[in-house]
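In: Structure of the sequence below:
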Amino acid sequence: LAFCRGRVVRVPKGPLIRVVGTEVVIPCSVSDYDGPSEQNFDWEFSRETDFVRIVSTWDSTFTSEEYQNRVGSGDIKLRRSSNDAVELVIRNIQPTDQGIYKCTTPSTDATVQGNYDAEVQVKVISDGLSVSGSKGRSSVSLRLSEGDSFKLRCSAITTSPEHTHLHVTWQIKSGLTWRDILSLTHEGKFQPGPGYEERYRNGDIRLDTGANDTYRLSVSQASSVDGGAYRCLVSEWVRGADSFWQKIQEKSVEIASVAIQRTDVVISTSNVSVTERDSLDLTCNITTDRSGIFQAEVVWYFSLSPDDTLSDAQVLLSMDRDSVVSDSTLISLSHVDRNSYRLLVRDVDVEDSGYYFCQAAVWVPLHNGSWHKVVERTSAPVGVVVTALEPDYEVFLNASRTPKFSDDPTELNCRITNAEDTEANIRFTVSWYYRQRLRSDDVVTEELLATMDADWTLLLGDRSRERIQNGEIIFSKRAVDTFSLRIQWTSESDRGDYFCVISAWSRHRNNSWVKSKDVTSASVSIFWATQDYTLTVEAVKLKPFFVAGHTFEMTCKVSSKNIKTPRYSVLITAEKPLTDQSNPNGTTRIISLNQDSVVRLEDWTDQTRVDGVVLEKVQENEFRYRMYQTQISDAGLYRCVVTAWSPGGGGMWREAVNGLSNPIQIDFQMSGPVFNVSVHSDNLTVYQGELADLLCIVTTEGMALEPDDMSFDVSWFAVRSFALDREPVLLASLDRRGIVMQSRRNGSSDLSLERISPLEFRLRVHGCEDHDFGNHYCIVTPWVRSATGVWQQEPDIKAKPVFLSVKMDVLNAFKYPLLIGIGLATVIGLLSCLIGYCSSHWCCKKEVQETRRERRRLMSMEMD
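Out: Coordinates of the predicted model:
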């Protein structure tokens, strides 16, 4: 292939058949060449004689004298399509241009390889194509109605000496451009234009051939898009030497100008406003110039939105083409004249407000007696607003009973006055509102107390729901025109402005009630002068000095002003210097006594002293708190939190004011021993499976105590990290009674905790694993027995952590796996040798017979 490669010049395969007077384009291209990418071309022509030079892309003097005028005028020119291809264009070709055309490319190759020219024959034939309208007439004008049918004809014939085919296309021009409707191609196929595919499949557009070489276009169900100028475009095609079809000429003739009269459906009136109980009159007009016999089918629709489709709209009434109207009680449809249809809605309601539109279909009779629907249109929606008949009335609100003191009743009456046009179809309901009064200029929104719906069902607001359900607030209807609100026990929170809203409801045709009007009353202020409540609480420590183990006792005396028959609830709180996480604010609630003298333990969690705190009522305004067998941990500030309650409505108590007493301090003088704790181990690095010993050693300083007067709670913790940045994990604990508690463990190692001396506690980890590493420490809680025989709990002491490392014994870890691996490898190797030996002797043994080889001497080169 490398040796055969060379320049290739190509022109179309001839002969090229062209019609006289048309434009001829002959392409020429070159490939597989060397040198610059842009190649030059020379064209020459021959009439079975020597070649005459026509034109060149690189030499302006190349053209012979015979062609200089035609090349200079542009009748013959070269048009470059790419660097390696040009086109020879001959406009208005004549019979004298028939002959052989040769395309030559000057060489730019290093060596001469391939062909440098190519020839093609051009044959010029006479123009035998004739295209005309029906019976030779010029363009006609047609005026049709929408939905009509029409036919157009054109004649096309050719007398070409060659075997040619005609391609006929019907086109329409509705704007500035021509669009294809339907074509009969030169290959005998029907091809609809863009947008006409569906109509062609439905048979609304057809192209038929007739006698005398006529082509008839039939259009059914004409619409507005079918209006415009129609022409018949005919092109002549011939099959070339390369078996491809080539278009050699094209002619057209305008046949007709078609105007389509559109059929419109409109409603005679625009947006309409009617009053409730009146009649709504709408007329649907069909605009058409159709003079023949036709019938209309009309359907009226109703929708709440102008954008709703027919499927979403409601069908009101319909009339078919035989003037049969569907049944309806309050709606009628009548045929006023040939093109008008009237819709009458009697006794309209507010629900009839919306958008009305009609849909009309025009039917025409056919020759066989059947009816055919030619067009269908829908009108634009017309907005209809029905104005409700609002009753005329006024609302007056007054207070029949107003409170002078707290817990007095309040009663308000909301009355309808000067009512007019209140017939049987009108119903009144009430809504009650409250607005808080503020001293500043802040705007406060009203709060709904209760409201009634159309069937007089009471709906409660969030503010008064609970009080209404308890019977503290009562809503009632005293008379037809009077509604009342009664508050049984008025509180300070009820002070403010009250107003009512009377709503009028109208009954519609479907017996549903729709609100038509709201009237708001003037507000009534409920207010009385009050004095601020005052509450004073004083705490007194009965014993000025005591020691741990003794009883702490204090009293709380309460005095109040401007509170009617008060009762008090008392809460004892303690503020300790060291608080637990459950009380981040530092205050602990100990015990409380409510206004009904019911005692309750709050946050007292010492199970050993459940009965160690007592709160009792000495007098109406005096309360006493006792704490037995006080501990060191009980040190802190103690207060009385007192709440004053006054009797409310329905036997309920309501909170009046809160008070806080002065603090009483409990402080113990520390004169006993001082305890220290440390952790020790002889070996902090162990291997897996070994035993780890950790000692928690307690030392004392100061006053010496007997071992029987000391006891300890010991807890061991571990932090599984090097930097103490994780949460500690409880391992085990030993209380002062000798009871050991262990936490749940996931590994195979085990723990033991024991006391080996009065001040030493040993933790053992049996069979250490890698997850037993980490920082270990102990927390000790000392207990000291006082001279009175009472055990006192001392503050917790935390030891400094020590780090325990657990290493792996590599030899022991890999000993058994290595032995097992070597044994398995030896067994598998011996088994493989045995299988190979048996296979070679019994299974795969084959006797091979050697062929006899002849032994001959080599000949010498001379003898050969």
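
In: And Ser81, how close does it get to Tyr33?
Out: Ser81 sits 17 Å away from Tyr33, going by CB to CB, to the nearest Å. No exception for glycine: its C-beta is placed from N, CA and C like everyone else's.

In: Mind jotting down where the strands sit in the stretch 101-250 of the chain?
Out: With DSSP state E, counting those that start in this stretch as the criterion, the stretch 101-250 of the chain has strands at 117-125, 129-133, 140-145, 150-158, 164-173, 178-184, 190-192, 205-210, 214-219, 228-239, 245-261.

In: cool, the stretch 651-800 of the chain as well?
Out: In the stretch 651-800 of the chain, the strands defined using DSSP E, counting those that start in this stretch lie at 653-660, 664-666, 674-680, 685-687, 692-701, 710-719, 729-734, 740-742, 750-757, 760-766, 774-785, 791-793, 797-798.

In: Mind telling me which of the ones you listed the model trusts least?
Out: The minimum mean pLDDT among these belongs to strand 791-793 (a mean of 80).

In: Contacts for it, please.
Out: The contact list for strand 791-793, computed with CB atoms under 8 Å, 6 or more residues apart in numbering, reads 548-549, 631-633, 711, 781-786.

In: higher neighbour count, Ser81 and Tyr33?
Out: Using other CB atoms under 10 Å, the more surrounded residue of Ser81 and Tyr33 is Tyr33, with 20 against 11.

In: Show me where the stretch 551-700 of the chain dips below the pLDDT cut-off.
Out: Within the stretch 551-700 of the chain, the segments meeting pLDDT under 70 span 577-585, 648-651, 668-672.

In: still on that earlier bit, could you export the strands of the stretch 651-800 of the chain to CSV, including columns for distance to Asn621 and mean neighbour count?
Out: Putting the strands of the stretch 651-800 of the chain into CSV (distance: least, CB to CB, whole Å; neighbours: other CB atoms under 10 Å) gives the following:
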stretch, distance to Asn621, mean neighbour count
strand 653-660, 12, 16
strand 664-666, 18, 17
strand 674-680, 46, 16
strand 685-687, 69, 15
strand 692-701, 50, 18
strand 710-719, 43, 20
strand 729-734, 48, 18
strand 740-742, 48, 13
strand 750-757, 54, 14
strand 760-766, 54, 18
strand 774-785, 41, 20
strand 791-793, 36, 18
strand 797-798, 45, 14
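
In: got these as CSV, with distance to Val430 columns?
Out: Shown next, in CSV, are the strands of the stretch 651-800 of the chain (distance: least, CB to CB, whole Å):
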stretch, distance to Val430
strand 653-660, 28
strand 664-666, 57
strand 674-680, 77
strand 685-687, 86
strand 692-701, 79
strand 710-719, 70
strand 729-734, 67
strand 740-742, 69
strand 750-757, 77
strand 760-766, 79
strand 774-785, 70
strand 791-793, 68
strand 797-798, 71
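
In: Which among the ones you listed is found nearest to Tyr116?
Out: Of all the strands of the stretch 651-800 of the chain, strand 774-785 sits nearest to Tyr116, with 93.0 Å by CB to CB.

In: pretty sure Leu819 is in a helix, no?
Out: Yes - per DSSP: H, G, I helix; E, B strand; the rest coil, Leu819 lies within a helix segment.

In: List the contacts of the helix or strand where Phe396 lies.
Out: Assessed by DSSP states H and E, Phe396 sits inside strand 392-401. Contacts to strand 392-401, defined as CB under 8 Å, 6+ apart, come from residues 409-422, 498-502, 504, 519-524, 526.

In: Run the angle between the next helix-or-strand element following that strand and strand 392-401 for me.
Out: Reading on from strand 392-401 to the C-terminus, the next helix or strand found by DSSP H and E is strand 410-420. Calculated by axes from the mean of the first three to the mean of the last three CA atoms, to 10 degrees, strand 410-420 forms an angle of 160 degrees with strand 392-401.

In: Now do Arg853, the pLDDT please.
Out: Looking at Arg853, the pLDDT reads 50.

In: The residue lying closest to Thr275 once chain neighbours are set aside and Ser516: what is the separation?
Out: Leaving aside its chain neighbours, Thr275 sits nearest to Thr387 (5.1 Å; criterion: CB to CB, 6 or more residues apart in numbering). As judged by CB to CB, Thr387 and Ser516 stand 10 Å apart.

In: distance between stretch 726-746 and the chain's centre?
Out: Centroid displacement of stretch 726-746 relative to its chain, using CA atoms, centre = their mean, to the nearest Å, is 52 Å.

In: where do the helices sit along the protein?
Out: For the chain, the helices defined by DSSP state H occupy 68-73, 197-202, 465-469, 810-838.

In: Flag every buried residue along the first one.
Out: Taking 16 or more other CB atoms under 10 Å as the basis for neighbour counts, the residues of helix 68-73 that come out buried are 70-71.

In: Write a PyMOL command that selects only the buried members of the contacts of strand 392-401.
Out: Typed into PyMOL, the line below selects the buried ones among these, using 16+ other CB under 10 Å:
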select buried, resi 410+411+412+413+414+415+416+419+422+498+499+500+501+502+504+519+521+523+524+526
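
In: Distance to Thr287 and mean pLDDT added to the helices of the chain, as JSON lines?
Out: Shown next, in JSON lines, are the helices of the chain (distance: least, CB to CB, whole Å; pLDDT from 0 to 100):
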{"stretch": "helix 68-73", "distance to Thr287": "59", "mean pLDDT": "90"}
{"stretch": "helix 197-202", "distance to Thr287": "25", "mean pLDDT": "90"}
{"stretch": "helix 465-469", "distance to Thr287": "63", "mean pLDDT": "85"}
{"stretch": "helix 810-838", "distance to Thr287": "101", "mean pLDDT": "86"}
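
In: Ok, which of the ones you listed comes nearest Val234?
Out: The closest of the helices of the chain to Val234 is helix 197-202. By CB to CB, the value is 19.8 Å.

In: With just CA atoms, put that closest one into PDB.
Out: What follows is helix 197-202, C-alpha atoms only, in PDB (Å, rounded to 0.1, in the frame of the first residue of the first chain):
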ATOM      1  CA  GLU A 197     -48.000  14.900   9.200                       C
ATOM      2  CA  GLU A 198     -51.100  14.500  11.500                       C
ATOM      3  CA  ARG A 199     -53.500  15.900   8.900                       C
ATOM      4  CA  TYR A 200     -52.000  13.700   6.200                       C
ATOM      5  CA  ARG A 201     -52.400  10.600   8.400                       C
ATOM      6  CA  ASN A 202     -56.000  11.600   9.100                       C
END
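
In: please begin residue numbering at 22 from this point
Out: In the new count, where the first residue is 22, that last one comes out as helix 218-223.

In: in it, what's buried?
Out: For helix 218-223, burial by neighbour count (16+ other CB under 10 Å) applies to 220-221.

In: Which strand residues bridge Thr235?
Out: According to DSSP bridges, the residues that bridge with Thr235 are Ser176, Gly231.

In: so what's it up against?
Out: Counted by CB under 8 Å, 6+ apart, Thr235 has contacts 155, 174-176.

In: Most neighbours out of those residues, which is it?
Out: Among the contacts of Thr235, Cys175 has the most neighbours (other CB under 10 Å), with 25 neighbours.

In: Does it touch Tyr236 like I think?
Out: Yes - between Cys175 and Tyr236 there is a contact at 5.5 Å, judged by CB atoms under 8 Å.

In: what touches both of these two?
Out: Between them, Cys175 and Tyr236 share these contacting residues under CB under 8 Å, 6+ apart: 189, 253.

In: Lowest-scoring secondary structure element of the chain by mean pLDDT?
Out: Using mean pLDDT, DSSP states H and E, strand 285-288 stands out as the lowest-scoring helix or strand of the chain, at a mean of 70.

In: Can you tell me what sits against that strand?
Out: With CB under 8 Å, 6+ apart, strand 285-288 has contacts from 303-309, 377-381, 398-401, 403.

In: cool, stretch 522-541 as well?
Out: Stretch 522-541 is contacted from outside by 297, 351, 368, 370-372, 409-412, 414-416, 435, 437, 443, 446-452, 454, 473, 475-476, 504, 520-521, 542, using CB under 8 Å, 6+ apart.
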